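S.K.: pasting the structure only:
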């Protein structure tokens, strides 16, 4: 079954404000793979589990039309408000039942969402909607992000970050078992497509206020699970981590900028011209 964890309006709003999106360089890797298989121009892309649409907008720069889908009405509302473009449409839809004709899609992507789907059903649906030589792109990043600041040693900062992640680990969804990367690796190995690519570590660095880093971690499913179980404990954990990071940085404002290093991994695959 698919897991539905990000549907509330408040959680959708936190996605708009805090969730990171792939870098232009990383998106270009997807585009290069698709163009290698199909050539130009690129027609139709579908971004599944699009959330508030950050990744959908990145695809819109390269395709004639892009459809963003998500099972959450609140996420779709946020996407339509905050991540619109003339060639983008959004539809509420489960990942396993896409509103697409057979063999109609040039790129089917899922950015930080595939691990929540009914993965076998989704992969069958992907095969149905992809054109011959159409491409599948599944991206995600590991939770263990690292912080960098020129005048501050990274070890001290990231020790605090590690304690943040460890405190949230007991609240991680059992659906994800050990690490989500294992689910993507298994999908890569199981896909019968001969043209496919796997990359376990693409490092993306993004400057942002310290408060935005904390807000991003707060948007994760594990923190949200703690928040539902014990709001006071969740608030105290977040506040304590923020104060400790500020102490290490020797600053007094959570708006102080840090560089957040996010480690992405991805699966790219091309549907054969003939089944």
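M.R.: That came in fine, so what should we check first? If you're wondering where the values come from, they're calculated on a predicted model, not measured in any experiment.

S.K.: can you map out the strands along this protein?
M.R.: If DSSP state E is used as the criterion, the strands of the chain fall at 44-48, 65-70, 88-92, 105-111, 130-141, 146-148, 195-209, 257-270.

S.K.: Residue 273 versus the nearest residue to residue 270 once chain neighbours are set aside, what's the distance?
M.R.: Residue nearest to residue 270 in three dimensions, not counting chain neighbours: residue 195, with 4.0 Å by Cβ to Cβ, 6 or more residues apart in numbering. Where you see a C-beta, it was placed from the backbone N, CA and C, and this is true even at glycine. For residue 195, the distance to residue 273 equals 10 Å [Cβ to Cβ, to the nearest Å].

S.K.: Have a look at the two and say which one is more surrounded.
M.R.: residue 195 (15 against 11; other Cβ atoms under 10 Å).

S.K.: Please verify my assumption that that one contacts residue 269.
M.R.: Yes. Using Cβ atoms under 8 Å, residue 195 is in contact with residue 269, at 6.9 Å.

S.K.: Mind pulling up the pLDDT for residue 25?
M.R.: If you check residue 25, the pLDDT there is 89.

S.K.: what bridges to the closest residue to it other than its chain neighbours?
M.R.: Excluding the flanking residues, the one nearest residue 25 by Cβ to Cβ, 6+ apart is residue 204, at 7.6 Å. Per DSSP bridges, the residues bridged to residue 204 are residue 262.

S.K.: Likewise for residue 270?
M.R.: Beta-bridge partners, per DSSP bridges, of residue 270: residue 135, residue 195.

S.K.: now it: how far from residue 96?
M.R.: Residue 270 is 21 Å from residue 96, by Cβ to Cβ.

S.K.: and these two? which has more neighbours close in?
M.R.: Taking neighbours as other Cβ under 10 Å, residue 270 and residue 96 compare with residue 270 leading, 22 against 19.

S.K.: what's near enough to touch the more buried one?
M.R.: Residue 270 makes contact with 33, 37, 133, 134, 135, 136, 193, 195, 196, according to Cβ atoms under 8 Å, 6 or more residues apart in numbering.

S.K.: If anything else comes up later, I'll come back, but that's it for now.
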